[in-house]
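S.K.: quick one: sequence and predicted model below, then my questions.
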Amino acid sequence: MSEREVDHALVERAQKGEKAAFELLVSKYHRRIIRLIARVLRDPAEVEDMAQETFIKAYQALPAFRGESAFYTWLYRIAVNTAKNYLASRGRRVSTVAGTNMEAVETFPDAAQLRDINTPESQLMSKEIAQAVNAAMNGLPEELRIAITLREIEGLSYDEISATMNCPIGTVRSRIFRAREAIAAKLRQLLDTPEGRRW
């Protein structure tokens, strides 16, 4: 069975009232939902609260899930909307993040060079790159940040991102392109990369 088929089987069991089936889905996607929401919100307590809220909303909406999209695409859409609605209800746009997230660096091309770190100089450079990537991502407008996170960190396809963000695939491509260009501009000086090359 494919991952999608497994998810659909669990959803069907959950729709029939089997709570353990939904708990399996929560366990499977909890970390990914936390990572996604953490790109929209910054406070760890808020992130955890909104992740819990996401799963509550998903459970309540489960009877309406018809399987036209993958379960995680549907769940990601709920998570993104929950986080965005939370920000809107607080009259906030973007908060700041403390610390470095190496996962953001690991997902970009040429990241293999950062994994084999042996010298203090290369460790320092890796830390600077991670901080620059995080700063660049945190500085992106919300729609660009969500699109690049879904693509580069969560590994969703353009079709899945289109469904998750509820926008045309051309808009998804444009947002990801603009996000990559903005990140490249921030990294270009640090990496001494020529203007024509992204990384």
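M.R.: Everything's here; your move. Numbers count the residues shown, from 1 in each chain.

S.K.: which helix is the longest one in this protein?
M.R.: Using DSSP state H to define each element, the chain has its longest helix at helix 169-191.

S.K.: where does pLDDT dip in the protein?
M.R.: 92-126, 189-199 (pLDDT under 70).

S.K.: what's the distance between residue 90 and residue 66?
M.R.: The spacing between residue 90 and residue 66, counted by CB to CB, to the nearest Å, is 33 Å. C-beta coordinates here come from the backbone N, C-alpha and C atoms, glycine included.

S.K.: sorry, slip of the keys, the one I care about is residue 77.
M.R.: Distance from residue 77 to residue 66, by CB to CB: 14 Å.

S.K.: residue 73 too?
M.R.: From residue 73 to residue 66 the distance is 13 Å (CB to CB).

S.K.: which of these two has more residues huddled nearby?
M.R.: Neighbours per residue (other CB atoms under 10 Å) separate residue 73 from residue 66, with residue 73 holding more: 19 against 8.

S.K.: quick one: contacts of the helix or strand hosting the more buried one?
M.R.: Using DSSP states H and E, residue 73 sits within helix 71-89. In this structure, residues lying in contact with helix 71-89 by CB atoms under 8 Å, 6 or more residues apart in numbering are 4, 7-8, 10-11, 25, 29, 32-33, 36-37, 40-41, 46, 50-51, 53-54, 57-58, 61, 65, 93, 142, 146, 150, 154, 156, 160, 163-166.
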